[in-house]
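1. can't give you the sequence, but here's the structure:
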């Protein structure tokens with residue numbers, strides 16, 4: 001739960017600037033939002049990578065061997081960090097443009113999908129099924145919200161994914177090396 005506090009702080013800190021730029025300069029708004037989204041990816045990808053690589057050890061350390069099977073659910077739920085970090089910032093961008101109704105519609109769609117997927121996946125896969133249902137529905141919800149925002153406002157994402165992926169790969173390799 002601690003990881004979900006971080007994007008909230010980032011979103012709160014950037015909201016005044018985004019709100020001001022939404023009403024005054026669309027290009028600067030676009031640039032500012034891109035910088036913030038890039039920053040949350042740069043911050044969240046290493047957390048996710050290290051968390052997934054060390055998930056078994058974290059579960060063993062925190063809860064003991066009897067809960068070792070929870071590492072898979074933990075790994076799936078850690079992927080949600082990649083969705084929730086930019087989502088917190090995007091939600092504030094949507095508020096800055098006063099388009100929260102669109103966001104609500106897509107969030108409700110994701111909620112319904114989550115319920116259906118939980119119904120289908122939990123009986124067969126247990127807690128990992130629930131984690132997978134949450135990951136799929138949250139990803140779909142964010143995708144729909146983001147697509148709507150892009151279509152309505154002409155927002156263009158300009159992430160330098162090569163540098164983000166490269167740095168995350170380095171962190172992952174270092175973690176794997178130190179883990180052995």
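-> Looks like it came in fine. None of these values were measured; they are calculated from a predicted model. Numbers count the residues shown, from 1 in each chain.
2. Can you mark which positions in stretch 2-12 are buried?
-> Along stretch 2-12, these residues count as buried under the neighbour rule (16 or more other CB atoms under 10 Å): 3, 6-7, 10-11. (Glycine included, C-beta is placed from N, CA and C.)
3. ah, wrong one, I meant stretch 95-102
-> 95-97, 99, 102.
4. what do you get for stretch 65-82?
-> For stretch 65-82, burial by neighbour count (16+ other CB under 10 Å) applies to 70-82.
5. What lies in contact with that stretch?
-> The contact list for stretch 65-82, computed with CB atoms under 8 Å, 6 or more residues apart in numbering, reads 3, 41, 44-45, 47-48, 51-52, 55-56, 58-60, 63, 127-128, 130-132, 134-135, 138.
6. Give the PyMOL command for selecting the buried subset of those residues.
-> Selecting only the buried entries of those in PyMOL, with 16+ other CB under 10 Å as the criterion:
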select buried, resi 3+41+44+45+47+48+51+52+55+56+58+59+128+130+131+132+134+135+138
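7. Just the ones of the contacts of stretch 65-82 in helices?
-> Counting by DSSP state H, the part of those found in helices is 3, 41, 44-45, 47-48, 51-52, 55-56, 58-60, 63, 127-128, 130-132, 134-135, 138.
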